[in-house]
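Student: give me a 3D structure for the following:
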Amino acid sequence: MLRFIVVTFEVLALIVILRSAFVQFWLSDVQTSTSEWMEGISLTIDNQQLTKFREDISTQMQDLSESQTEYLLKITSSKAALHKFNLLYCHAGDKNPYIYGTNLRYVCGEIYRKEILKEYK
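Tutor: Residues are numbered from 1 along each chain as shown. Sure thing, here's the model as predicted:
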C-alpha cells in the first residue's frame, strides 16, 4: 500500500513538473532547435543534389547566353523552383522564354532521368 502511494505521488509530481511553464518553454525550445537542425540537414542534402544536377547539365548547356545561364541557376536554386519549372514547362508544355527547343527537352529529360524530384512533395 505504501509503495502505491509513493508511486502515485511520484506520478503526480512528474505531471505537475512537466506542466510547469518553465518546462513547457524548455521543451518547446528543444523542439524548435531540433526542427531547425533537421530542416538544415534536409536543405543541405537538397542543395548537394541540386549542385550536382546543375554541374551535370551545365556540361551540355555551354552554348547558353548569360541570361539563360542565370535563369538555369535560378531554377536549380531550390527543389521548389525546379518542381515549378518541371510542372510548367516539362509536363504542361508552356513556352519558356529562356530555355526552349533542344535545351528544354534536355533539361526535362535530365530531371526525369536523374529523378531529382522523386521525393519532392
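
Student: only C-alpha atoms for contact and neighbour calcs from this point on.
Tutor: Will do.

Student: where does pLDDT dip in this structure?
Tutor: Low-confidence segments of the chain (pLDDT under 70): 120-121.

Student: tell me the centre residue of it?
Tutor: Among the residues of the chain, L43 comes closest to the average C-alpha position under CA atoms, centre = their mean, at 5.1 Å.

Student: tell me how far that one lies from E110.
Tutor: To E110, L43 is 21 Å away according to CA to CA, to the nearest Å.

Student: before we move on, what about K79?
Tutor: 14 Å.

Student: the two: which has the busier surroundings?
Tutor: More crowded of K79 and E110, by other CA atoms under 10 Å: K79, with 19 against 15.

Student: so the more buried one makes contact with L117?
Tutor: Yes. Between K79 and L117 there is a contact under CA atoms under 8 Å: 7.1 Å.

Student: by residue count, what's the longest helix in this protein?
Tutor: helix 21-58 (DSSP state H).

Student: and the residue lying closest to L82 once chain neighbours are set aside, how many residues sit next to it?
Tutor: Spatial nearest neighbour of L82, excluding adjacent residues (CA to CA, 6 or more residues apart in numbering): I75 at 5.1 Å. Residues lying near I75 (other CA under 10 Å) number 18.

Student: quick one: contacts for I75?
Tutor: I75 makes contact with A81, L82, F85, according to CA atoms under 8 Å, 6 or more residues apart in numbering.
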